[in-house]
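Trainee: Let me see the structure of the following:
(one chain, ligands or ions: 1)
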Amino acid sequence: MKIVKRPDIMQRIAGRLKRRGKSIGFVPTMGALHEGHLSLIRRARRANDILVVSIFVNPLQFGPSEDLKRYPRPFEKDKKLCRKEGVDFIFYPGAESLYPRDFKTRIAVNDLEDVLCGKSRPGHFRGVATVVAKLFNIVQPDTAYFGQKDAQQAVIIRRMARDLNMPLNIAVMPVVREKDGLAMSSRNVYLDADERRDAAVLPQALKLAEGLVKKNVRDSAKIVSKMKELIQQRKTASVDYISVVDPDGLLPVRRINPCSRALIALAVRIGRTRLIDNIMVGNKGR
Ligand code: AMP
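Mentor: Numbering: from 1, shown residues only. Below is the predicted model of the structure:
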């Protein structure tokens with residue numbers, strides 16, 4: 001396994017591999033790897049000749065009052081995990097090499113970036129789209145792997161790749177969860193014991209919604225209000241948003257149509273930590 005820090009060197013290596021006819025699988029991450037990341041890495045490992053994992057805590061996607069500084073960065077541990085999973089290259093650039101002083105470009109995926117998490121994190125998805133486009137140009141993957149955990153991010157990246165004719169496939173993998181249902185996240189380490197207990201209310205609220213849909217409750221407002229009721233019973237929890245949207249355009253769905261899919265997405269603050277999760281309903285749960 002090689003660790004490559006310089007974008008120009010990573011790009012040259014990738015170009016050479018592609019000319020030799022190798023398929024490149026790519027898993028972009030911010031590090032602090034857990035089973036969620038590893039599920040993407042394992043899938044990518046199986047499906048490609050070469051596997052590149054990037055580890056980069058992208059300053060462009062953090063707001064001024066967000067956790068850029070305290071975001072966990074256990075690089076030695078990440079390195080060990082990558083080696084064990086058969087990763088060929090860790091791309092591990094410094095912020096100054098991806099964003100030199102005179103860096104001016106941003107990629108905006110209009111409308112999709114302003115809803116759900118975009119409302120309380122202005123500029124976040126521009127930061128995500130911009131860094132992912134750069135990483136795609138550097139790593140030149142045949143397939144890039146993302147998690148359904150960050151549902152809006154996956155929708156935005158898919159749309160960006162399509163709109164800009166990027167020559168790659170985007171694969172989106174299911175959410176990996178802890179035993180009590182909490183979606184794995186690098187931010188779960190911020191939770192103290194009480195908060196960790198309360199955090200299980202996120203998947204519980206999604207399960208409740210799923211149950212209601214199965215019982216033919218179609219009215220999104222009613223479902224959302226039942227979910228809020230449940231979440232508000234936890235002392236440390238406060239709801240940022242709960243939305244029912246269509247999974248491609250992220251537009252609000254007032255009534256869930258059993259024949260088409262709807263995405264129920266939420267963000268909840270547990271103490272100071274903002275957690276997100278989602279579930280797909282309708283279309284017989286597919
Ligand atoms: P991050 O390091 O948080 O930027 O995540 C890197 C990639 O891993 C993103 O595509 C995430 O959606 C994905 N990911 C993070 N947590 C999970 C999870 N619990 N299950 C599946 N994928 C995940």
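Trainee: And the nearest residue to residue 136 once chain neighbours are set aside, what's its pLDDT?
Mentor: Leaving out its chain neighbours, the residue that sits closest to residue 136 by Cβ to Cβ, 6 or more residues apart in numbering is residue 166, at 5.9 Å. Where C-beta positions appear, they are placed from N, C-alpha and C, glycine not excepted. We have a pLDDT of 98 for residue 166.
Trainee: shouldn't residue 166 be in contact with residue 159?
Mentor: No: in this structure, residue 166 is not within contact of residue 159 by Cβ atoms under 8 Å, at 10.7 Å.
Trainee: between those two, which one's more packed in?
Mentor: Neighbour totals were compared for residue 166 and residue 159, and residue 159 leads with 20 against 17 (other Cβ atoms under 10 Å).
Trainee: Quick one: residues contacting that one.
Mentor: Listed by Cβ atoms under 8 Å, 6 or more residues apart in numbering, the contact set of residue 159 reads 109, 112.
Trainee: Helix or strand: which one has it?
Mentor: helix 151-163 (DSSP states H and E).
Trainee: Give the buried residues for that helix.
Mentor: 151, 152, 153, 154, 155, 156, 157, 158, 159, 160, 161 (16 or more other Cβ atoms under 10 Å).
Trainee: Spell out which strands sit alongside the next helix or strand after it in the sheet and which way each one runs.
Mentor: Note on helix 151-163: by DSSP H and E, the next helix or strand toward the C-terminus is strand 169-173. Strand 169-173 sits in its sheet next to strand 143-147 (parallel), going by DSSP bridges.
Trainee: Now for residue 230, how many residues are close by?
Mentor: 16.
Trainee: So it lies in a strand, does it not?
Mentor: No: applying DSSP: H, G, I helix; E, B strand; the rest coil, one finds residue 230 to be helix, outside a strand.
Trainee: how far away is the spatially closest residue to it that is not a sequence neighbour from residue 243?
Mentor: Distances taken as Cβ to Cβ, 6+ apart place residue 205 nearest to residue 230, at 5.2 Å, with adjacent residues excluded. Residue 205 sits 13 Å away from residue 243, going by Cβ to Cβ, to the nearest Å.
Trainee: And for residue 63?
Mentor: 20 Å.
Trainee: more crowded one of the two?
Mentor: A count of neighbours by other Cβ under 10 Å puts residue 243 above the other of residue 63 and residue 243, at 22 against 13.
Trainee: Within range of the ligand, give me the residues from the stretch 151-286 of the chain.
Mentor: For the stretch 151-286 of the chain, the contact set with the ligand under Cβ under 6 Å from any ligand atom comprises 173, 175, 176, 183, 184, 185, 186.
Trainee: Let me have those residues in CSV, adding pLDDT as columns.
Mentor: Supplementary listing: these in CSV, determined by pLDDT from 0 to 100:
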residue, pLDDT
173, 98
175, 98
176, 98
183, 98
184, 98
185, 98
186, 96
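Trainee: got a pLDDT number for residue 282?
Mentor: For residue 282, pLDDT reads 88.
Trainee: Check residue 180 too.
Mentor: So residue 180 comes in at 98 (pLDDT).
Trainee: That one: neighbouring residues, count only.
Mentor: 12.
Trainee: ok, now residue 183?
Mentor: Neighbours of residue 183 (other Cβ under 10 Å): 22.
Trainee: and the stretch 1-150 of the chain, which of its residues are near the ligand?
Mentor: Taking Cβ under 6 Å from any ligand atom as the measure of proximity, the stretch 1-150 of the chain contacts the ligand at 29, 30, 36, 37, 39, 40, 146, 147, 149, 150.
Trainee: which residues does whichever residue of the stretch 101-250 of the chain sits closest to the ligand bridge with?
Mentor: The ligand sits closest to residue 147 of the stretch 101-250 of the chain, with a gap of 2.1 Å, by Cβ to the nearest ligand atom. On the basis of DSSP bridges, residue 147 is bridged to residue 173.
Trainee: follow-up on the earlier one: save the residues of the stretch 151-286 of the chain next to the ligand as JSON lines, and put in secondary structure too.
Mentor: Listed next are those as JSON lines, based on three-state DSSP:
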{"residue": "173", "secondary structure": "strand"}
{"residue": "175", "secondary structure": "coil"}
{"residue": "176", "secondary structure": "coil"}
{"residue": "183", "secondary structure": "strand"}
{"residue": "184", "secondary structure": "coil"}
{"residue": "185", "secondary structure": "coil"}
{"residue": "186", "secondary structure": "helix"}
